[in-house]
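K.L.:
No letters, just coordinates:
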C-alpha cells in the first residue's frame, strides 16, 4: 500500500517536471503556467486514495484486535 | 476473497505506474489546453468508476430489498463509500481543470449540477445509515436512496443534450464522437479507466473485509450485553 502511494507520487512529480519543458501550450492566456494545477490534481488524487486505503488498513487491524480480545474474554478498550 | 485482495494490490500498483508513464511520457500534449489537459486522464476514469460504484449500489440494494440477505447490503454500503471517495476526487480534479481552462473553479451548468446532486445523494446514502434509529431501518432506507440515486447517472450523461452545458463533449459511450480523440490519447484514457477499475475493485474488497469485521465486532458486543 505504501509502495503504491510512493510509486505514484514519485512518478507523478518527476514525470510532470519532465513533461513541462516539452509542453509549450502549458502557458495560459495570461502567460501563467498551468503545471501547478496538474501537479495539484495528481497529488490530491494519489494522496486521497492512499489516505483512504491507509485508514481502512489501520481500522481493519484495530477491529481484528478487538474481535480477538472479545473472543478471549479480555478488555476491549 | 483474501487471495483477490492480495493479488489486486500489486496489480493496481503496476498499473498505476504504467498509467503515469503513459500520461506523462507517452501521450502527446493537447494543443489548445496544453499540459493541464492531462488531468482528463484522472478526471474521466474517476467519474466513470464513481458511476460504476453507484450502479453497483443500486443493483445490490435492489437484491437486498428482495432477499433481505445482509451480504448484499454489505456490498452496497462498501461500493457506496468507495464511490463517494472516487466521485469526490472526480469533482476536485474537474475544478482543477476548469480553473485554468474556463477561468472559474465551478459553474452551475447542467452536467456539473447533476454530478453534484449525485454526490450529495450518495453522501446522504451513507448518512442515512449512520443516523437511522436501528440498523435494519438504516439498511432499508439506504437501499431505497441507493436505487433512486442511480437514476441521476443517465441524466448526467444526457445532460449536455437536454440542456446547455460548458462541459466538454463526451469521449466515450454511445453519444461520443468517434473522432474526438487522437489514438494515443484514446489508448491512454482506456488504460487509465482499466487502472481505476482495478483500483476500485481492490478498494472495494478491502472495504468489504472491513465491513465484515465491523459486523463481527457488533455481533460479539451484542452477545455480551
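P.N.:
Thanks, I have it. Note that the structure is a prediction, hence the values are computed from the model and not measured.
K.L.:
contacts, neighbours, all on C-alpha from now
P.N.:
Will do.
K.L.:
Now chain B against chain A: closest residue?
P.N.:
Nearest residue of chain B to chain A: residue B:34, at 4.2 Å (Cα to the nearest Cα).
K.L.:
and that residue, how many neighbours does it have?
P.N.:
The tally of other residues near residue B:34 (other Cα atoms under 10 Å in any protein chain shown) stands at 21.
K.L.:
again with residue B:32
P.N.:
12.
K.L.:
re earlier: okay, the residue of chain B closest to chain A: pLDDT?
P.N.:
pLDDT, residue B:34: 82.
K.L.:
For it, give the beta-bridge partners.
P.N.:
Counting by DSSP bridges, residue B:34 forms beta bridges with residue B:30.
K.L.:
Report the separation between it and residue B:158.
P.N.:
27 Å (Cα to Cα, to the nearest Å).
K.L.:
Residue B:30 too?
P.N.:
25 Å.
K.L.:
Centroid-nearest residue for chain B?
P.N.:
Most central in chain B under Cα atoms, centre = their mean is residue B:50, positioned 1.2 Å from the mean C-alpha point.
K.L.:
Tell me which residues touch that one, please.
P.N.:
Neighbour list for residue B:50: B:82-84, B:86-87 [criterion: Cα atoms under 8 Å, 6 or more residues apart in numbering or on different chains].
K.L.:
rerun at 7 Å
P.N.:
For residue B:50, the contact set (Cα atoms under 7 Å, 6 or more residues apart in numbering or on different chains) comprises B:83-84, B:86-87.
K.L.:
And residue 57, which helix or strand is it part of?
P.N.:
In the absence of a named chain, chain A is used. Using DSSP states H and E, the secondary-structure element containing residue A:57 is helix A:35-72.
K.L.:
wait, I meant chain B there
P.N.:
Using DSSP H and E, residue B:57 falls in helix B:40-67.
K.L.:
Now do that helix and helix A:35-72, the angle between them.
P.N.:
30 degrees (axes from the mean of the first three to the mean of the last three Cα atoms, to 10 degrees).
K.L.:
pLDDT weak spots in chain B?
P.N.:
Chain B contains residues with pLDDT under 70 at B:1, B:164-167, B:169-180, B:224-225.
K.L.:
relative to helix B:40-67, how tilted is the lengthiest helix in it?
P.N.:
Secondary structure of chain B per DSSP state H: the longest helix is helix B:183-224. Helix B:183-224 runs at 40 degrees relative to helix B:40-67, counting by the same axes, to 10 degrees.
K.L.:
Please report how far the closest residue to residue B:195 other than its chain neighbours lies from residue B:142.
P.N.:
Counting by Cα to Cα, 6 or more residues apart in numbering or on different chains, residue B:15 is the residue found nearest to residue B:195 once chain neighbours are left out, at 5.6 Å. Distance, residue B:15 to residue B:142, by Cα to Cα: 34 Å.
K.L.:
neighbour-wise, which of the two wins?
P.N.:
residue B:142 (27 against 20).
K.L.:
For the more buried one, give me its contacts.
P.N.:
Shown in contact with residue B:142 (Cα under 7 Å, 6+ apart): B:125, B:128-129.
K.L.:
How about residue B:129, nearest residue that isn't a chain neighbour?
P.N.:
Leaving aside its chain neighbours, residue B:129 sits nearest to residue B:138 (4.4 Å; criterion: Cα to Cα, 6+ apart).
K.L.:
and that neighbour, how far is that from residue B:168?
P.N.:
As judged by Cα to Cα, residue B:138 and residue B:168 stand 38 Å apart.
K.L.:
who has more neighbours, the two?
P.N.:
Between residue B:138 and residue B:168, counting by other Cα under 10 Å, residue B:138 is the more crowded of the two (18 against 8).
K.L.:
quick one: contacts for the more buried one?
P.N.:
Going by Cα under 7 Å, 6+ apart, residue B:138 touches B:128-129, B:132.
K.L.:
Likewise for residue B:10?
P.N.:
Going by Cα under 7 Å, 6+ apart, residue B:10 touches no other residue.
K.L.:
Residue B:3 versus that one, what's the distance?
P.N.:
According to Cα to Cα, residue B:10 and residue B:3 sit 12 Å apart.
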